[in-house]
Every structure is written in C-alpha cells, then in structure tokens.
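Asks: Quick one: sequence and predicted model below, then my questions.
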Amino acid sequence: MGEQVNPFDEASSVADNPKTASIGSSVIPIVNRLQDIFAPLGGSFPKINLPQVAVIGSQSSGKSSVLEALVGRDFLPRGSDICTRRPLVLQLEHRPRRPNTDDDREWGEFLHLPEKRFYDFSAIRREIQAETEREAGTNKGVSDKQIRLKISSPNVLNITLVDLPGMTKVPVGDQPSDIEARIRTMIMSYIKHETCVILAVSPANSDLATSDALQMARAADPAGSRTIGVITKLDIMDRGTDARNFLLGRVIPLRLGYIGVVNRSQEDINQDWSIVEALNYEENFFHNHPVYHGLSDQCGIPQLANKLNKILEQHIRTVLPRLKAELNSQMVAVVKEIRTYGEDIESKAEQGAVLLNILTRFCKAFSHMLDGRSREMSTTELSGGARIHYIFESIFVKSLEEVDPCDGFTDKDIQTAIENATGPKDALFVPDEPFEVLIRRQIARLLDPSLQCLRFVYEELIKMSRACEATEMQRFPVLRRSVDEVMGKFLCDGVKPAERMIANIVEMEMDYINTSHPNFLSGSKAVELAMQHLKSTKMGTNFGESRNYVEKSTMTERGLKSRAILAKSVANGYVLDQGSRPQLNNDKPPSSGNSTGRTSGISSLFGGSESRISSGGSSSSKSFGEPMHDVVHLPTTVQLREPPALLRLSGVHTEQQELEIIVIKLLLRSYYDIVRKKIQDFVPKAIMHFLVNHTKRNLLSTFIQKLYRENLFEEMLHVQDDTVVKRKRTREMFQVLQQAVQTLEEVDSEVTSRSSISSSSIDTATGLPKIQGLSSPIYTTSNSDISSHTPSLNSFKSHRLLHSWE
Ligand SMILES: Nc1nc2c(ncn2[C@@H]2O[C@H](COP(=O)(O)OP(=O)(O)OP(=O)(O)O)[C@@H](O)[C@H]2O)c(=O)[nH]1
C-alpha cells in the first residue's frame, strides 16, 4: 500500500490491468477496428459519437472517486469537504498509436489554457482546483461555468464524462440561499439529454431510500433506461447493516440495476493509495464480505465499468447499420464512377459498336428530353420541350399580345401622313396610303421578336444537347467536342431556313395589306365608332370602353374597302356619297369669300366644316375658257412670308382631323390584330418544323455521316490521360469498400455476441437500453440484469433500428 502510480507509466494504467476494467476498455478494440476500416476511405466518414456519462449525487457521496476509478487515473480533487464546485467536462480523446514511435504518452489539456499540455496528472488536479477558485472563489462558492479538460491517450475511448457539483441543502460559505435549487438546475441541464447515461451515486452510509441522486435521475429519465445506480461507501455502513436489498433493487427498482463500490477513504487518499491498490482492496472487500460475496455481479468498479461498456457496445451496435448503409452508398457511387471510366476498347468492331451506341443514346436522350419522356425529369423546374413551349406561349405570344399597334407614332404623325398622302389638294376621302404606310411599319416591327424567339429556341436546343451528354461520353473528350461541334453546326443549319421562313412570313404580310380580310374592321364601322368616340369625349365618357366594344364586335364583320366605305360615311352632319357632292343636312346657304387654302372646291370624305366646302359651287360653275380669278393688278400691299424650309403640322387638330386620326387608328388596330395572330401562329410552326423537328428527325443520320467513320474511331474514342489513373484508383477503392463491408459484418456479429442487451430493449434514438411499453412502472423491474437476453444478429437485423449519428 502507499505505492505512488506514475502517470507516465502506461503499465500502471487500470485500463491495462488484466484484473480490472475501465470505462470503454472493451469498446476500444471495436472502435479501433472500425477506425481501421474507415481510415483508407478518407475523412468523409462520420465519427461514432458515444453517449456522455454524467455523475450525480449529493455532496461528498463519492462521485469524483467513482469517475477517477472508471478512468483509471488520479487527477480529480477529492476530499471530505465540498470539492467539485464547477462542472468538469472531461473529454477522453483516443489518439492512435503511431507506429515506430515511443510517444504513447497521455496528456491533459484545458480549454482555458490552450496549447499547454499537462503530462503530470497531479498538476491537472491542482489546475482544476486553481481554476475552480478563480471562478467560484475560495469559500465554498459554486459556479455553473464549466471546466473543460481533454485527455489524449492511445488507451482511452472517445467519450465525454461529466463530474457535477454535489447536491446540498444548507448553504455554507459564499453559497447563496437558493444553492439547492441552483445546483439541481445545473445538474438537470446535463442529465436531461436523452444521450446522457446517468450514474446516480448514493452513499451507503446515509438513508438510501431518500437518495437525492435517484430522485433527480428519475426526474430526468422517468423510464429509467439510462440510469445506473451506484452505491458507494459500502465499507463504512453502520455495523450490522448492509445494502443487499438495495443492490438487488428491492427498495427502489431500477431498470439497469445497481452496482456497489468501495472507493478510497480520505485516509487512503492521505496515504497516497494508488487506484490499483484501491481496486485490489475493493476486490478483497467484496470477496470476503459475507453478504456481498454472493452478489459479485453487482459489486465493484470493474462491474460498473462492464455495465457501462455493455451500454457503449450496444450503442455501437445500434449505429453499425448506419455505417453499413453509408458504406453501401459509397459502393454504389464508386461502381457508378467505375462505369464512367469504362473498359479498354481494343478492336475496330468493338470501337464501332461503342461509338454507335453512344451516338444513338445521345440522340434518343435528346428526343426524349424534347418530348418530355426523359427518365431524369425534374419536378422542380421546367426542362426540355416544356421550356420551348414556355418560350412560345409565355414569352413570344404574350409579348406580341402586349404590343400597342399604335405604338411608335403620335396623332401628329398620323395627321402628317394623311396630309402628305393627299398632296397639294385637299382629300375627298381619307386616303389609303397613310393607313398602309403605318400598318407596314407596325408589321415590320414583328420581325425582331419573331427572330428573337427563334434564337431562344436555338439556345434551348444547345443547352439540351449539353444535358444529354451521357456519362460514358465524359471520358472521350474528342468525341464530346466533336458531338458538340456537329450539333452546333446542325442546329445553325436548321436556324437558317427557319429564319428565312419567318422573314418571308413578315414580308408577305407587309407586301399585301389585305383589307378584304373577313375580320378587318369595316370603314363605315370605323367612322361610326370614331364619331361615337368624339361624341363621348365631348360628353366626358371613356372612349376605351367603346373602342373595346368595337374591336370585339367588328372582328367577324365583313369589312369593305376603306376608301369605298369612307366615301359613304356620315360626318359632322354631311351625308357623303362616293362620286356625289356632299349635301348639307340643313338648309344653311354656303358662305362665300373667306375660303382657306384647304378648301378645294370638292368636299373631302370628312369634309364636315363649312369652310371646306363653301367655295366649291362658285368655282365649278366657271367655264374652262374663263380666267380662274378676276385679278385686279394693284400695287402689292400684302407681303407673303416665305414658307419655312422644314414644314411641320402644329399639332392642333380640328375636329375633322381628329376624326380622321381616330379612324386610321381603329383600322390600324383591327388589321394589326389579324397579322399578329397569324405571326403568333406561324412563327412557332416555322421554328418547330425547320429547327426542332428537323433536328429530331435527322440528328442521328448526321452524326453517323460525320462521326461514324472507321478512320475516326481511334480518335473519337481516345480517353483522357488521367482516366486510366482514375480507373485504377476507383477499382482499388471498390476493393477497400468490399473489405470494409466484410469487416463490418464481422464486427457486427462480434458485438452482437458480446452484447447482452436485448435488441428489443434498445432505444433506437439514443442507442441506450429502453423500457418496453410506457405502461410498465418506472424504475420497475427488479435487478435482473440487462444481460438476460442475447439476440442473434438476424433478430437484430430484423428490427432495423434507427441509428443515432451526430
Ligand atoms: N470509506 C470510503 N470513503 C469514500 C468512498 N467514496 C468516497 N469516499 C470519500 O468520500 C469523500 C468524498 O469523496 P469525493 O469523491 O470527493 O466525493 P464527491 O461526491 O465527488 O464530492 P463533491 O464533489 O465535493 O460533492 C472523500 O474523502 C473520499 O475519500 C468509499 O467508497 N468509502
């Protein structure tokens, strides 16, 4: 006794002591093996996160002593007074042994002292004490601020253990009056998590039935599926009493049962007993004790470690299927990749077959994509032929729909066109020319969007051809480039006739303005509507309404030629008839003398103003032999101003002019509508015929013509230089994965045979044992050990549990 353990000396570790078992000792080989499996697969593989273990109990119940014994290292402050005053989160980190090195030392590292390694474990204990005092003071104060300590060693498992301050009732020193509630809240924040295994420590020398630890554990884990009861200080119970009934679960039943332990007493600590010595003492104690002798499964730190190890093994067993699934999906990916690298193709016949196959598949994929029969059809966005339909309907047709037929010219422009068309005379009727000039101009504007639509479809086809490049084509860069080139040229060639056809359609429309079209608005209707509009404008009503009405109502009406109809229009009170002179509706005599330049002597079609017809009678009554005017040559008194070089209309319209403008606009709208509809119909047809369907029909024959040539086989099927390397590497990876799957199967059956927890009693979410059925009483079963059932691999597999991964 009293022999000091040298922490540097690995031989002194409990983990290596064949007589003892520390936490994770049985799990380490499994985890190591798993790591060996996954190491060659790279860092992408997820880690196995084991559950956290938290030690709870009343003050000085022996929590730190239990934790130390489980880890097998002396490094925690222990004592009869309050020692743990801040939560200590102890992260054990497995460091693989490095071959051919002797640096297998263990060290500790605090989060608050990064990069400082503690190789001396008593220095770790001193730092824990110092750091506790820095935060919680020296006078028994408690803080919930964690101390985080990482222990790195080749002998530990990756697991986190938490030592928590003990529960107390009466505040002492600097402790606040609500210390009890505060500590309980702190403890609960750790043990409430489903993945936390609770070690509920109760000292045997106090009333076990009122154990604070068991009460709290029950609150956090009502099913009792992750709580192990630990009874300490069995060596200092009242003489004549023992904890047998408690250990057997007869007082407070607990699903995972109880383990009784004997740690070092304060005196042992003072005498520097090592952990190994303490464990030897404990072993002897139970062996020689008349009551506990028969309860060897429930007594001793090694039994506690065993119980915990089984839980950890079970957890690993729970995550194994997930690992397998992960391996399998990697296998699938690798097999897929191997396929992209293909095999070496030697003979010409083979090369020809491969090339033809690739080209045929490409064309099929292209066709399928166009027709919406692609296997990899997206459900999140439009693709293939649906995009072309969208271009036609939602872009092209809709955009033409939104064009205003009178866009691009003003009323003044229309009036100027009318004036110019009548030449030096005043017109009898509204002439055809302005209407034709303007409608041609508007039809010409349809060409650009039509060609744009063609370009959009062309670009779609290019995109689709890229998307169709089958995986096997990826490894033949020359073939890929050639297919791109042939496709590009082929599509370009298809664009040209489509372009010509579209230009022809527009030109045809511009070349002959068919005012006899059945849907064209009749001139008389146009005049009528124009007059209605003028009238309603005067009355303040909205012309838009009447115009809409007109457009609808006249679509089917057979139109008459504008000139003829206009000549029979009614305007401003005059009845106009072709070839006859306008008659005034009233008997107003024509005024004489003050005729303007616009009066021509013959009434114009819209010649409604008196001034425009007033001088007609007198001039027509003169004979040819007579001079036109009676000119009296007097000295010039009035100087005419020179006409300006650039003549423009003022923009102020007479009512008559306004009427003419409206008529022209109505006719423009009506005719433009007819043309627009034709263009909306013919342009997509031209594109489909000359470009899209042509491509579908003739692509394969073009490919065969251009690329399927024996002298090109070699060149076309030349693989990328790194393909050979990749092919080799992927095949090796496939073998590694195959090996990994096999090893995993072995580990699985190994763990299954070792694990003694029934698969049906595993919580699928946490990997921890669970209670069957909610109706069963909490902390119910007697202390019948969790090891009573050993499931077969098949029974385990049939359950197909969920696995907890983080
Ligand atoms: N005789 C005997 N003494 C024990 C046993 N377990 C712990 N002790 C002593 O009880 C005292 C408290 O032990 P700790 O391990 O510090 O208890 P703790 O629960 O961590 O204490 P706090 O963290 O301060 O709440 C120490 O003096 C230990 O030596 C035991 O099984 N038998």
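Replies: Structure received.
Asks: So the protein: which segments form each domain?
Replies: Following the TED database, the chain resolves into domains at 65-184, 193-311, 353-520+665-717, 722-751.
Asks: Dump those domains into a markdown table; add mean pLDDT and distance to residue 327 as well.
Replies: Yep, even glycine has a C-beta here, placed from its N, CA and C like the rest. Below are the domains of the chain laid out as a markdown table (pLDDT from 0 to 100; distance: least, C-beta to C-beta, whole Å):
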| stretch | mean pLDDT | distance to residue 327 |
| --- | --- | --- |
| domain 65-184 | 86 | 20 |
| domain 193-311 | 91 | 24 |
| domain 353-520+665-717 | 85 | 23 |
| domain 722-751 | 82 | 5 |
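Asks: which of those sits most buried?
Replies: Ranked by mean neighbour count, the domains of the chain are led by domain 193-311 with a mean of 20 (mean count of other C-beta atoms under 10 Å).
Asks: so how far is that one off the chain centroid?
Replies: What separates the centre of domain 193-311 from the centre of its chain is 51 Å, taken as C-alpha atoms, centre = their mean, to the nearest Å.
Asks: Next: stretch 172-188.
Replies: 46 Å.
Asks: who in the chain is up against the ligand?
Replies: Neighbours of the ligand within the chain, by C-beta under 6 Å from any ligand atom: 57, 59-65, 78-80, 82-84, 166, 232-233, 235-236, 262-266, 269.
Asks: what's the distance between the closest residue to residue 233 other than its chain neighbours and residue 257?
Replies: In space, and not counting its chain neighbours, residue 233 is closest to residue 203: 4.4 Å by C-beta to C-beta, 6 or more residues apart in numbering. Distance from residue 203 to residue 257, counting by C-beta to C-beta, to the nearest Å: 18 Å.
Asks: Please report the number of neighbouring residues for residue 661.
Replies: Residues lying near residue 661 (other C-beta atoms under 10 Å) number 23.
Asks: Next up, the contacts around it.
Replies: 411, 414, 415, 418, 653 (C-beta atoms under 8 Å, 6 or more residues apart in numbering).
Asks: do residue 511 as well
Replies: Here residue 511 is in contact with no residues (criterion: C-beta under 8 Å, 6+ apart).
Asks: pull the longest helix from this protein.
Replies: The residue-count maximum for a helix in the chain (DSSP state H) belongs to helix 301-341.
Asks: quick revisit: would a markdown table of the domains of the chain with distance to residue 659 be doable?
Replies: As requested, these are exported to a markdown table (distance: least, C-beta to C-beta, whole Å):
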| stretch | distance to residue 659 |
| --- | --- |
| domain 65-184 | 91 |
| domain 193-311 | 86 |
| domain 353-520+665-717 | 9 |
| domain 722-751 | 79 |
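Asks: if we can go back for a sec, can you list the helices and strands that the longest helix of the chain packs against?
Replies: helix 28-38, helix 63-71, strand 196-203, strand 227-232, strand 258-260, helix 275-288, helix 721-754 (3 or more C-beta pairs under 8 Å, 6 or more residues apart in numbering; DSSP states H and E).
Asks: Out of the ones you listed, which gets nearest to residue 446?
Replies: Of all the helices and strands packed on helix 301-341, helix 721-754 sits nearest to residue 446, with 51.2 Å by C-beta to C-beta.
Asks: quick check: angle from that closest one to helix 28-38?
Replies: Helix 721-754 runs at 160 degrees relative to helix 28-38, counting by axes from the mean of the first three to the mean of the last three C-alpha atoms, to 10 degrees.
Asks: From the contact counts, what lies against helix 721-754?
Replies: Helices and strands touching helix 721-754, as assessed by 3+ C-beta pairs under 8 Å, 6+ apart, comprise helix 28-38, helix 301-341, helix 793-799.
Asks: Can I get the first one in PDB? Just the C-alpha atoms.
Replies: Output in PDB follows, covering the C-alpha atoms of helix 28-38 (Å, rounded to 0.1, in the frame of the first residue of the first chain):
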ATOM      1  CA  ILE A  28     -11.700   0.400 -27.600                       C
ATOM      2  CA  PRO A  29     -10.700  -2.600 -29.800                       C
ATOM      3  CA  ILE A  30     -14.100  -2.400 -31.600                       C
ATOM      4  CA  VAL A  31     -13.800   1.300 -32.200                       C
ATOM      5  CA  ASN A  32     -10.200   0.900 -33.300                       C
ATOM      6  CA  ARG A  33     -11.200  -1.700 -35.800                       C
ATOM      7  CA  LEU A  34     -13.900   0.500 -37.100                       C
ATOM      8  CA  GLN A  35     -11.400   3.300 -37.500                       C
ATOM      9  CA  ASP A  36      -9.100   0.900 -39.300                       C
ATOM     10  CA  ILE A  37     -11.900   0.100 -41.700                       C
ATOM     11  CA  PHE A  38     -12.700   3.700 -42.400                       C
END
